[in-house]
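Chemist: Model the structure of this input:
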Amino acid sequence: MTSLRSALRSCALAAAVGSVAVAALAAPAAGSPPADDVRPASASAAALTQKVSVPAYFYPGATWDQLTGGGNRVGLAIANPYNGPGTGDTQYTQAIQRARSAGITVIGYVATGYFGTTGITTRSGSTDPAEWMRQIKSDVDTWYRLYGSSGLGGIFFDEALSRCGAGNVDVNRYIELRSYVEQRHGAASTVVDNPGTGVEECYTAAADTLVTFEGSDASYRSHRPQSWEARVPADRIWHMVYASPDESTLRTAVSLSKQRNAGHVYITPDTIADGNPWDTLPPASYWNTQLSLAAAP
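Modeler: Residues are numbered from 1 along each chain as shown. Alright, predicted model coming up:
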């Protein structure tokens, strides 16, 4: 694992990244849409079965083996060798192959840098949206060149914007990326966008799944989803929660995620203290409890 070029971001926090491969904890460039009032959970929401989908920002080894052992109770796993595809690694090749054989879809991490709107630059130092688009598409192609034959199942676009933009300028960039992945690398490819916060409904055209919450357990308690999230199939929504310290708080968070129609969920006791709450999996008891809770109606 090598050092990163970007900083962790959340809606209320910007922390320097250490020497791990980690996604940016997302904050939208232009602010997030206001949360809508959400009706109480229906009986069908309470009966929701989920997949545990994991930001697997750790090197292949025992932790990836633990993840793969979850079998088809795990839905998606984000591979992230170096804040992107890197240059190829046989350990990742083998991890992706084993995960696919276990029924898990591995998707590759690609940063979109809010398309330069917050001052984040491409690797060449540009904030130009056109340069970002070129870099992003190149990273997508690199993922498939290195790992497509190993069973890579799609792409995870991090640092995603959350507003449609004037004339849909912002969302259209992500729609273009989705089309690029599907047309160039197969219509079955899974595309995930991670704004990490509530997004305008136009973004449902930009991805198969949207990460509409990424943050701490404390902030998740008061999270208010956008009203459209209750109307879409649950597998369109993914919530990632860190700093949920024990199995009691885990149970509460899973229950809330079901009420909020999140078909994909990941909850961990890990914290942002070391700059990366996604650099391990929970202890075995916590992990197995989460898998069971998510799968239960």
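
Chemist: contacts, neighbours, all on C-alpha from now
Modeler: Fine.

Chemist: Which other helices and strands does the helix or strand containing Gln94 contact?
Modeler: Element membership for Gln94 (DSSP states H and E) is helix 90-101. Here helix 90-101 touches helix 62-68, strand 105-111, going by 3 or more Cα pairs under 8 Å, 6 or more residues apart in numbering; DSSP states H and E.

Chemist: The stretch 151-297 of the chain: strands as residue ranges?
Modeler: Assigned by DSSP state E, counting those that start in this stretch, the strands in the stretch 151-297 of the chain fall at 154-158, 190-193, 209-216, 237-242, 264-267.

Chemist: Out of those, which is closest to Leu250?
Modeler: Closest of the strands of the stretch 151-297 of the chain to Leu250 is strand 264-267, at 6.8 Å (criterion: Cα to Cα).

Chemist: For the closest residue to Gln135 other than its chain neighbours, list the residues it contacts.
Modeler: In space, and not counting its chain neighbours, Gln135 is closest to Thr122: 7.1 Å by Cα to Cα, 6 or more residues apart in numbering. By Cα atoms under 8 Å, 6 or more residues apart in numbering, the contact set of Thr122 is 113, 116, 131-132, 135.

Chemist: most surrounded residue in those?
Modeler: Comparing the contacts of Thr122 by number of neighbours (other Cα atoms under 10 Å), Gly113 comes first, having 26 neighbours.

Chemist: Do I have it right that it meets Glu159?
Modeler: Yes: assessed by Cα atoms under 8 Å, Gly113 is found in contact with Glu159 at 5.2 Å.

Chemist: pLDDT value on Ala26, please?
Modeler: On pLDDT, Ala26 comes in at 42.

Chemist: got the buried residues for stretch 116-125?
Modeler: Neighbour-count burial for stretch 116-125, with 16 or more other Cα atoms under 10 Å as criterion, is recorded at 116-117, 120-122.

Chemist: ok, which pair from those residues is furthest apart?
Modeler: Comparing every pair within the buried residues of stretch 116-125 by Cα to Cα identifies Thr117 and Thr122 as the most remote, at 11.6 Å.

Chemist: I'd like to know how far Ile267 sits from Ser149.
Modeler: Distance, Ile267 to Ser149, using Cα to Cα, to the nearest Å: 31 Å.

Chemist: which one of those two has more residues nearby?
Modeler: Neighbour count, other Cα under 10 Å: between Ile267 and Ser149, Ile267 has more, with 29 against 11.

Chemist: Do a quick rundown of the helices in this structure.
Modeler: Ranges of helices in the chain, per DSSP state H, are 43-46, 62-68, 90-101, 129-147, 169-185, 217-221, 247-259, 284-295.

Chemist: least reliable of those going by mean pLDDT?
Modeler: Lowest mean pLDDT within those: helix 43-46, at a mean of 48.

Chemist: Now for Phe157: which residues touch it?
Modeler: If you count contacts by Cα under 8 Å, 6+ apart, Phe157 has them with 109-112, 191-194.

Chemist: Counting neighbours, what do you get for the nearest residue to Gly165 once chain neighbours are set aside?
Modeler: Sequence neighbours aside, Val171 is the residue nearest to Gly165 in space, at 6.8 Å (criterion: Cα to Cα, 6+ apart). When neighbours are defined as other Cα under 10 Å, Val171 has 24 of them.

Chemist: quick one: Val171 from Gly86, how far?
Modeler: In this view, Val171 and Gly86 are 27 Å apart by Cα to Cα.

Chemist: Reformat the strands of the stretch 151-297 of the chain as TSV; add distance to Val140 and mean pLDDT.
Modeler: Listed next are these as TSV, based on distance: least, Cα to Cα, whole Å; pLDDT from 0 to 100:
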stretch	distance to Val140	mean pLDDT
strand 154-158	7	98
strand 190-193	11	98
strand 209-216	17	98
strand 237-242	21	98
strand 264-267	23	98
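
Chemist: Out of those strands, which gets nearest to Gly61?
Modeler: strand 264-267 (19.9 Å).

Chemist: what's in contact with that closest one?
Modeler: 50-54, 75, 234-235, 237-242, 244, 250, 253-254, 257, 290, 294.
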